[in-house]
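3D, please:
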Amino acid sequence: MRLFCSFLLFISALGAESADWIWSGRYVVTMDPQRRVIEDGAIAIRGAQILAAGPRAEIERNYQAPRHLDRPDAILAPGLIDTHTHAAMTLFRGIADDVRLQDWLEHYIFPAEARNVTPDFVRWGTRLGCLEMMLSGTTTFTDMYYFEEVVAEAAKEAGMRGVLGETIIGFPSPDAKTPADALAYTDKFLTRFHDDPLIVPAVAPHAIYTNSDETLKACRALANRHSAPLLIHLSETKTENDECRAKRKMSPTQALDALGVFNGRTVAAHAVWVDEADMAILKQRGVGIAHCPSSNMMLASGVAPVTRMLALDLAVGLGPDGPAGSNNDLNMFEEMDVAAKLQKVSTGDPRSLPATAAVEMATIRGARALGMEKQIGSLEPGKLADVISIRLDQPNAVPLYNVYSQMVYALKGADVEDVMVNGKLVVRDAKSLTLNAAQILAKAREYGEQVRKSLR
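A predicted model of the protein is given here:
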């Protein structure tokens, strides 16, 4: 009888499909169209792609792999998607807090950038940002900064996925004296990283109030010529809205639409001060929205009407914004939690933005905001293997009644144990496999001293 059972197992193995990895866990949160949560589930991965997600017994019967990652007390989930940040600004973390946005920009950040930002500064700041992001479960980040080709190099070194926008702004910046110079730099950047497996290069005009109409039109034309996304700040503050209406008799959304800026793949960060007419435009144009709740709270910018946006089925993702002044960390678990609670308190309805919707914003809806929902954002066959494991054996994780609720309101970025991006393991046992954490922290402290001296 024993020989017969062994024979059956041998025959079964012969029929199994080969995979490179099988990950298994207590729960698999797929974020597929049915929003399946699979108890005692597993994922089969080959190369950069997911082959299957299903019950553990089924996956182990149908696939065989040389490498297994078994987390019996963990959630397996899609990697988290950050739709707006400025990663290299980790090196400015905490230099000016508790001030208004315009004061922060004009009196602190812009001067500090002028005195400190170089390619080397951006490289180490991005390494620090990537280390923080990957250890807390972010696998894709959307960036807007200077020397963006250096950001791309650092992201690839870390093994992270990035939608990376070179900043275009209407005054001399660290990497361009004029907007024309910035556009030329961006053109080369877009060409260099075209069809890269990890990097989606983008054009990033800072905002309507920091660029001329001619520059904004040129940014859209450049993005469309390269089939690249355009990233822009939109209606972040009441001041921005009021000044635009006084000058143009239109809201920033209406003005950008009139200029043709939304005529192509676009991600708009913040969208705090938008009304029904604005949201109708954003929906019609398919603009992705990056909601940054912690930043909007810290700068007292206001509360974006996210509940209404979701009712209209806009593609709304989450972002921590820059890790300096507007928010001092890059923790997407925190953004899920804050986003849900902010909508509840602002609407007076505890049913606003439930936990399921918050997880959607950090995964599949965030992917939609970036125009990447066919590649990332859920654990489905054919999608890229961006996967995280979140441990459930800590005090804050016990007991567990609802997986989505636990992810949003109880679990933390520090509970992330393993991270895979594009089929490659980049974090295991809560330690980076691709970046030298000690070296990065030492260099960050050095730059901290430099920045402190430059502000005296």
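
let me see the contact set for residue 132.
Residues in contact with residue 132 (CB atoms under 8 Å, 6 or more residues apart in numbering) are 90, 323, 329, 330, 331. Every C-beta, even on glycine, is put in place using the N, C-alpha and C of the backbone.

quick one: buried ones out of the residues you listed?
By neighbour count, with 16 or more other CB atoms under 10 Å, those hold 90, 323, 329, 330, 331 as buried.

list the contacts of the third one.
Yep, that's residue 329 we're talking about. So residue 329 contacts 132, 320, 323 (CB under 8 Å, 6+ apart).

looking at these, which is nearest residue 213?
Nearest to residue 213 among these is residue 320, at 30.5 Å by CB to CB.

and that closest one, helix, strand or coil?
Classification of residue 320 by DSSP: H, G, I helix; E, B strand; the rest coil places it in coil.

just give me the residue closest to the centre of the protein.
residue 82 (1.2 Å; CA atoms, centre = their mean).

the closest residue to that residue other than its chain neighbours bridge partners, please.
Nearest non-adjacent residue to residue 82, counting by CB to CB, 6 or more residues apart in numbering: residue 141, 4.2 Å away. Residues in a beta bridge with residue 141, per DSSP bridges, are residue 82, residue 162.

tell me who's in contact with residue 141.
Residue 141 is in contact with 82, 85, 87, 129, 130, 133, 155, 160, 161, 162, 163, 330, counting by CB under 8 Å, 6+ apart.

can I assume the last one sits in a helix?
No. Secondary structure of residue 330 (three-state DSSP): coil, not part of a helix.

list the contacts for it?
Residue 330 is in contact with 82, 85, 87, 90, 129, 132, 133, 136, 138, 141, 320, 323, counting by CB under 8 Å, 6+ apart.

tell me the pLDDT of residue 14.
pLDDT recorded at residue 14 is 57.

same question, residue 96
Model confidence at residue 96, given as pLDDT, is 83.

look up how far residue 325 lies from residue 109.
Going from residue 109 to residue 325 by CB to CB, to the nearest Å gives 7 Å.

just residue 335 next, same as before
17 Å.

quick one: which of these two has more around it?
residue 335 (31 against 25; other CB atoms under 10 Å).

against which helices or strands is the helix or strand hosting that one packed?
With elements taken from DSSP states H and E, the one containing residue 335 is helix 332-347. With contacts taken as 3 or more CB pairs under 8 Å, 6 or more residues apart in numbering; DSSP states H and E, helix 332-347 sits against strand 80-85, helix 293-298, helix 306-311, strand 316-318, helix 355-362, helix 403-409.

and it, C-alpha only, in PDB?
Extracted C-alpha coordinates of helix 332-347, given in PDB (Å, rounded to 0.1, in the frame of the first residue of the first chain):
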ATOM      1  CA  MET A 332       1.600  53.100   3.500                       C
ATOM      2  CA  PHE A 333      -0.100  51.200   6.400                       C
ATOM      3  CA  GLU A 334      -0.300  54.500   8.100                       C
ATOM      4  CA  GLU A 335      -1.900  56.100   5.000                       C
ATOM      5  CA  MET A 336      -4.600  53.400   4.800                       C
ATOM      6  CA  ASP A 337      -5.500  53.900   8.500                       C
ATOM      7  CA  VAL A 338      -5.500  57.700   8.300                       C
ATOM      8  CA  ALA A 339      -7.400  57.800   5.000                       C
ATOM      9  CA  ALA A 340     -10.200  55.800   6.400                       C
ATOM     10  CA  LYS A 341     -10.500  57.700   9.600                       C
ATOM     11  CA  LEU A 342     -10.200  61.100   8.000                       C
ATOM     12  CA  GLN A 343     -13.200  60.500   5.800                       C
ATOM     13  CA  LYS A 344     -15.200  59.200   8.700                       C
ATOM     14  CA  VAL A 345     -14.600  62.200  10.900                       C
ATOM     15  CA  SER A 346     -15.100  64.700   8.000                       C
ATOM     16  CA  THR A 347     -18.300  63.200   6.800                       C
END
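
tell me the angle of it relative to strand 80-85?
70 degrees (axes from the mean of the first three to the mean of the last three CA atoms, to 10 degrees).

just the buried residues of helix 332-347, please?
Applying 16+ other CB under 10 Å to helix 332-347 flags 332-344, 346-347 as buried.

need the residues that contact that helix.
Contacts for helix 332-347 (CB under 8 Å, 6+ apart): 80-82, 133, 136-138, 291-294, 296-297, 303, 306-307, 318-320, 350-355, 357-359, 361-362, 407-409, 411-413, 415.

can you rerun that using 7 Å?
80, 82, 136-138, 291, 293-294, 297, 303, 306-307, 318, 320, 350, 352-353, 355, 358-359, 361-362, 408-409, 411-413 (CB atoms under 7 Å, 6 or more residues apart in numbering).

distance to residue 448 and pLDDT added to the contacts of residue 329, as CSV?
Formatted as CSV, the contacts of residue 329 follow (distance: CB to CB, whole Å; pLDDT from 0 to 100):
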residue, distance to residue 448, pLDDT
132, 15, 98
320, 20, 97
323, 13, 90
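
so what's residue 146 up against?
117, 122, 167, 173, 174, 175.

quick one: low-confidence ranges for the stretch 251-400 of the chain?
Along the stretch 251-400 of the chain, no part satisfies pLDDT under 70.

swap in 80 and give it another go.
Counting by pLDDT under 80, the stretch 251-400 of the chain contains low-confidence ranges at 325.

for the stretch 1-150 of the chain, same thing?
1-15, 101-102, 105.

the helices in it, which residues?
Assigned by DSSP state H, counting those that start in this stretch, the helices in the stretch 1-150 of the chain fall at 2-15, 56-62, 101-103, 110-116, 119-135, 148-158.

nearest to residue 429, of those helices?
Here helix 119-135 is closest among the helices of the stretch 1-150 of the chain (CB to CB), at 11.1 Å.
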